[in-house]
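> Provided below for reference: sequence and predicted model.
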Amino acid sequence: MPNYNSFANLIFDFGGVLLNIDTDRALQGFLNLGLSDHSVISKEFQEGGLFDCLEKGIISPDQFRSGIRKYLRPDVSDKDIDHAWNAMLLDLPIERLELLEKLKKNHRLFLLSNTNLIHWEAYMALIKEAHGVCLSDFFEQDYYSHNMGLRKPDPRIYQQVLNEKALVPGETLFIDDMLVNVEAARLLGMGGHYLDLPKGESILDLFD
């Protein structure tokens, strides 16, 4: 496992890298609400789909709920939809927050996440309840796709972070659990580490 302490700037993905997630739980949640075609989820994540637009902030949570409801039982409530969608959000182990606190002493830390307002509100509350802290306090700045109008692996989302914070790409490491996102960062001259979760990799293994 490589050691990345030499990078001045560290940009972390959130879901999978810091927060444990299980996307199958969200799928099962929607199936429980009457979703009959699994392919709907992957279709709506494609460019211009409901999930894509939600994560880019193009549509509001209410517009997302109205759009997804057409695939579900007619009696499904907004609360039911949020519960199913948030079912994928698990826990954030304290050891990962302790690592961030340690890394802050010698590195500039940033967060860059494809996410949405429904999830953001849920995991911010989850972290506050579990650990009594605010996630944003661990980073110089946390960037979220629904505020930026862009999603990884669009190169513009990485470039915006580099430009706003005057980061030198070669001094900046990006860590993500999706290889396509890491490859996009590397094309801009950044260091990149694909965190291979199926093989048991953890960010705890990447730093002394």
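Structure received. Residues are numbered from 1 along each chain as shown.
> for the chain, name the helix or strand with the lowest mean pLDDT.
helix 39-45 (a mean of 83; mean pLDDT, DSSP states H and E).
> point out where this structure drops to low pLDDT.
1 (pLDDT under 70).
> longest helix in it, by residue count?
Secondary structure of the chain per DSSP state H: the longest helix is helix 117-131.
> and that helix, what does it pack onto?
Under the contact definition 3 or more C-beta pairs under 8 Å, 6 or more residues apart in numbering; DSSP states H and E, helix 117-131 sits against helix 61-69, helix 78-86. Every C-beta, even on glycine, is put in place using the N, C-alpha and C of the backbone.
> and those helices as a markdown table, adding distance to residue 162 and mean neighbour count?
As requested, these are arranged in a markdown table below (distance: least, C-beta to C-beta, whole Å; neighbours: other C-beta atoms under 10 Å):
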| stretch | distance to residue 162 | mean neighbour count |
| --- | --- | --- |
| helix 61-69 | 30 | 17 |
| helix 78-86 | 31 | 17 |
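> can you redo these as JSON lines with distance to residue 170?
Converted to JSON lines, those look like this (distance: least, C-beta to C-beta, whole Å):
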{"stretch": "helix 61-69", "distance to residue 170": "38"}
{"stretch": "helix 78-86", "distance to residue 170": "38"}
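> where along the protein do the helices fall?
With DSSP H as the criterion, the chain has helices at 23-32, 39-45, 50-55, 61-69, 78-86, 94-103, 117-131, 145-148, 155-164, 179-187.
> so the longest one versus helix 23-32, what angle?
Our comparison of helix 117-131 with helix 23-32, counting by axes from the mean of the first three to the mean of the last three C-alpha atoms, to 10 degrees, yields an angle of 120 degrees.
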